[in-house]
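[1] Pasting a predicted model and its sequence here:
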Amino acid sequence: MNRKVLVLNQDFSPISVCTVQRAFLLTYTKKTELVASANGHKLHSVSQSFPMPSVIRLIRYVHVPYKGVALTRQNVFKRDGFACQYCGTRKDLTLDHVIPRSKGGKSTWNNLVTACKRCNTRKGDNSPEEVGIMLKIVPFRPNYVMFLRDFSGFHGGEWIPFLKSKRN
């Protein structure tokens, strides 16, 4: 039961993702309400059966300050599909600065990509163009809704109506 549940604010805006266990507890204690259940899946106790949550909504509105996606190694790997952005391999992954730090490159969403150790070593202290290799995607900063929709792990079709909006 490693499914994820989308958590919506009272106004139906997405604010986070949590585990099924946490979502059930929040719903059972009346802090949230069930908006959508996971297609036919149930949670069972000794004497009762409950629909497995897929989308829940907070009963009270919670003011959430601006939500951005944190620039972390794991989040860059998620954005890049856990694949080297030069050759496509999924082994021995590391981060690469497209414009090397020694040449003024910063650690930003637009300058970091996932690279295998072989490609990173081959590129060295050069730009991809100088070495003759191409990036599979142009690095970008994902917005929060995009990150929830595309990179937060498995979700069923129940999430789609709540994550359709706002794509940068």
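    Cool, got the structure.

[2] Need the three-state assignment for the residue of the chain most remote from its centre.
    Going by C-alpha atoms, centre = their mean, the residue of the chain most distant from its centre is Ser47, 36.4 Å out. Three-state call for Ser47 (DSSP: H, G, I helix; E, B strand; the rest coil): coil.

[3] Quick check: phi and psi at it.
    Backbone geometry at Ser47, expressed as degrees, to the nearest 10, gives phi -120, psi 0.

[4] And it, how far from Gln21?
    To Gln21, Ser47 is 19 Å away according to C-beta to C-beta, to the nearest Å. All C-beta spots, glycine's among them, are computed from the backbone N, C-alpha and C.

[5] now swap in Gly40 and tell me
    Distance from Gly40 to Gln21, by C-beta to C-beta: 19 Å.

[6] So which of those two has more stuff around it?
    When Gly40 and Gln21 are compared for neighbours, Gln21 comes out ahead with 13 against 7, by other C-beta atoms under 10 Å.

[7] Please, which helix or strand holds that one?
    If you go by DSSP states H and E, Gln21 is part of helix 20-28.

[8] what helices or strands is that helix leaning on?
    strand 4-8, strand 32-44, strand 49-58 (3 or more C-beta pairs under 8 Å, 6 or more residues apart in numbering; DSSP states H and E).

[9] For the ones you listed, could you give me CSV that also reports distance to Ile137 and mean pLDDT?
    Below are these laid out as CSV (distance: least, C-beta to C-beta, whole Å; pLDDT from 0 to 100):
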stretch, distance to Ile137, mean pLDDT
strand 4-8, 24, 91
strand 32-44, 31, 90
strand 49-58, 29, 93
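
[10] looking at those strands, which is buried most?
    When the helices and strands packed on helix 20-28 are scored by mean count of other C-beta atoms under 10 Å, the highest mean neighbour count falls to strand 4-8 (a mean of 23).

[11] ok and that strand relative to helix 20-28, angle-wise?
    Per axes from the mean of the first three to the mean of the last three C-alpha atoms, to 10 degrees, the angle that strand 4-8 makes with helix 20-28 is 40 degrees.
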